[in-house]
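[1] could you look at this predicted model? Sequence included:
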Amino acid sequence: MKTVHFKESYQDMTRNIDENAPEIRFMRHICKGGHSVEKYFNTITVYRDPVYIDTPNGRFVGMGEIAGFAKKWLADFKAVSAEVYPVIQTVAGGRSVTEMEIHFHLEKGEETERVPMTVFADLAGLNKMGGLRIYYFYQFLPGAVAYRPPVFRPNVMKPAEPALMTGVMRYYYEQLHNFRKDEALENIMDMMTEDCRYGGYRPDEEEPLAVGKDKIRRHYEDICSAVPHLNYIRFETIVDD
């Protein structure tokens, strides 16, 4: 079994969680084996496109495909049941994002696989969703692959426009793409508290949670050596409260 400490490491974050948020209700529904997706989704988005779910194992468009995804949810993880534990929730700009840990009770016995996930909902009327994105480390899903075709049209070696961002996210993005990597590293580290936490979405065997600026610095030494000299990072959507 993979070793995970996401819930224990972040559950002290001072955030109120709306247990009635549609993304939490939907995840609890499919973790109980349910597939009545009409309770949780509008049939079309505000752009008049079919509703969708985007996940590490594919994109599911329309109510029929979403229902099929829900029916296979437990089986894909080789589980007989699962429980949802919300940890952090951020609501802003018509979106609700809940970082959670899901405990899958596996078919082969008493074992439980703990999987950290971020569930990102586009909110619609009547406490429903117009779209959903689920993020988790691909190795938690048996048979999953690391790479998928891009959802957005790629712009090779072109960063996002900082003018579209504000506040701390804009400053972080500007420093992330600062070609003076030593300066960028120090500016990013100065944004962090001494007890800052980094990671937790991968098993400890793959990448253990880093707590404290000294341990986090090691990650950003690598990041600032690669960005923007070798590649850029694009922020397509920011949910910041």
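    Structure received. For clarity, every value in this text was computed on a predicted model and none was experimentally measured.

[2] let me know the secondary structure of residue 59.
    Following DSSP: H, G, I helix; E, B strand; the rest coil, residue 59 is assigned to strand.

[3] residue with max distance from the center of the chain?
    Distance to the chain centre peaks in the chain at residue 180, reaching 29.5 Å (criterion: C-alpha atoms, centre = their mean).

[4] for residue 19, what are its contacts?
    residue 86 (C-beta atoms under 8 Å, 6 or more residues apart in numbering). In short, each C-beta sits where N, CA and C put it, glycine included.

[5] which SSE is it in?
    Using DSSP states H and E, residue 19 maps to neither a helix nor a strand.

[6] quick one: it and residue 96, what's the gap?
    To residue 96, residue 19 is 12 Å away according to C-beta to C-beta, to the nearest Å.

[7] could you check the distance from the residue farthest from the centre of the chain over to residue 22?
    44 Å.

[8] with residue 181 instead?
    To residue 22, residue 181 is 42 Å away according to C-beta to C-beta.

[9] which strand is the longest one in the chain?
    strand 79-92 (DSSP state E).

[10] what's that one packed up against?
    Secondary-structure packing of strand 79-92 (3 or more C-beta pairs under 8 Å, 6 or more residues apart in numbering; DSSP states H and E): helix 6-10, helix 22-31, helix 62-76, strand 95-106.

[11] do that again at 6 Å, thanks
    Under the contact criterion of 3 or more C-beta pairs under 6 Å, 6 or more residues apart in numbering; DSSP states H and E, strand 79-92 touches helix 6-10, helix 22-31, strand 95-106.

[12] for residue 161, grab phi and psi.
    phi -90, psi 110 (degrees, to the nearest 10).

[13] buried residues, the helix or strand containing residue 216. List them.
    Following DSSP H and E, one finds residue 216 within helix 213-226. Buried positions in helix 213-226, judged by neighbour count with 16 or more other C-beta atoms under 10 Å: 213, 216-217, 220, 224.

[14] and which of those is nearest to residue 115?
    residue 216 (23.3 Å; C-beta to C-beta).

[15] which ones are touching the closest one?
    Neighbour list for residue 216: 198, 210 [criterion: C-beta atoms under 6 Å, 6 or more residues apart in numbering].

[16] roughly how far apart are it and residue 93?
    Taking C-beta to C-beta, one finds residue 216 at 27 Å from residue 93.

[17] mind listing what's buried along stretch 25-34?
    25-31, 34.

[18] quick one on the thing from earlier: which one's more surrounded, residue 181 and residue 22?
    Counted by other C-beta atoms under 10 Å, residue 181 and residue 22 do not tie: residue 22 has more neighbours, with 24 against 17.

[19] just checking, residue 28 touches residue 85?
    No: using C-beta atoms under 6 Å, residue 28 is not in contact with residue 85, being 10.3 Å away.

[20] can you tell me who the spatially most central residue of the chain pairs with across the strands?
    Centroid-nearest residue in the chain, with C-alpha atoms, centre = their mean: residue 118, separated by 3.2 Å. Counting by DSSP bridges, residue 118 is bridged to residue 99, residue 135.

[21] right, and it touches residue 137 too?
    No: Residue 118 is beyond contact range of residue 137, at 10.8 Å (criterion: C-beta under 6 Å).

[22] can you read off the pLDDT for the residue farthest from the centre of the chain?
    For residue 180, the pLDDT comes out at 96.

[23] can you check residue 146 too?
    pLDDT, residue 146: 83.

[24] and it, how many neighbours?
    Neighbours of residue 146 (other C-beta under 10 Å): 8.

[25] contacting residues around residue 117?
    100, 102, 136 are the contacts of residue 117 under C-beta under 6 Å, 6+ apart.
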